[in-house]
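**Q** Pasted the sequence and its predicted model underneath.
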Amino acid sequence: MRKADAWRIVEDDLSGAAIRALLEVHFAGMLANSPAESCHFLDFDGLRAGDVTFWSIHCGVALAGCGALRMLDSTHGEIKSMRTAEPFLRQGVAARMLDHIVDTARERGLGRLSLETGSSGAFEPALALYRRYGFSECGPFADYTPDPFSRFMTRAL
């Protein structure tokens, strides 16, 4: 099997040990790079909420990353919990997941997709990816407020 054929994205119920461990790394990474009051990640219960769809991406049997789409309303979605497992960094995992989220948002009829991420240098790779996908800086959306540790981005679909 070619490597490209081995990738698969599945809706995930967050019950597996591997996905829980990856999310724990995600949570710790957010808290290590921004003050707790400026961290807006969804915890396990938040990722199971009815307005959130959570996916994991796998290469063969290995967990490579995750991402989520939160429905803010019938026309606006938010990208949440994008994370690549360390052994899969710089292998296109985040781009595959972002393609999937954008495609799903379009299928659901959303007209806009937004995100919040950190502002420190640790978030520069994510910011660069979002810029490549046509996201641009914007002000706070939904329930967010201005925060020097947050960057807000959006794009029309």
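**A** The structure has been received and is ready for your questions. Since the structure is predicted, the reported quantities are computational estimates derived from the model, not experimental observations. Residues are numbered from 1 along each chain as shown.

**Q** which helices and strands does the longest helix anywhere in the chain pack with?
**A** Counting by DSSP state H, the longest helix found in the chain is helix 17-33. For helix 17-33, the elements it packs on are helix 44-47, strand 62-71, strand 76-84, judged by 3 or more C-beta pairs under 8 Å, 6 or more residues apart in numbering; DSSP states H and E. All C-beta atoms are positioned from the backbone trio N, CA, C, and that covers glycine.

**Q** Serialize these to CSV and add fields for distance to Ser56 and mean pLDDT.
**A** Listed next are the helices and strands packed on helix 17-33 as CSV, based on distance: least, C-beta to C-beta, whole Å; pLDDT from 0 to 100:
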stretch, distance to Ser56, mean pLDDT
helix 44-47, 11, 95
strand 62-71, 5, 98
strand 76-84, 10, 97
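
**Q** so can I have JSON lines of these showing mean neighbour count?
**A** Conversion of the helices and strands packed on helix 17-33 to JSON lines gives the following (neighbours: other C-beta atoms under 10 Å):
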{"stretch": "helix 44-47", "mean neighbour count": "15"}
{"stretch": "strand 62-71", "mean neighbour count": "21"}
{"stretch": "strand 76-84", "mean neighbour count": "23"}
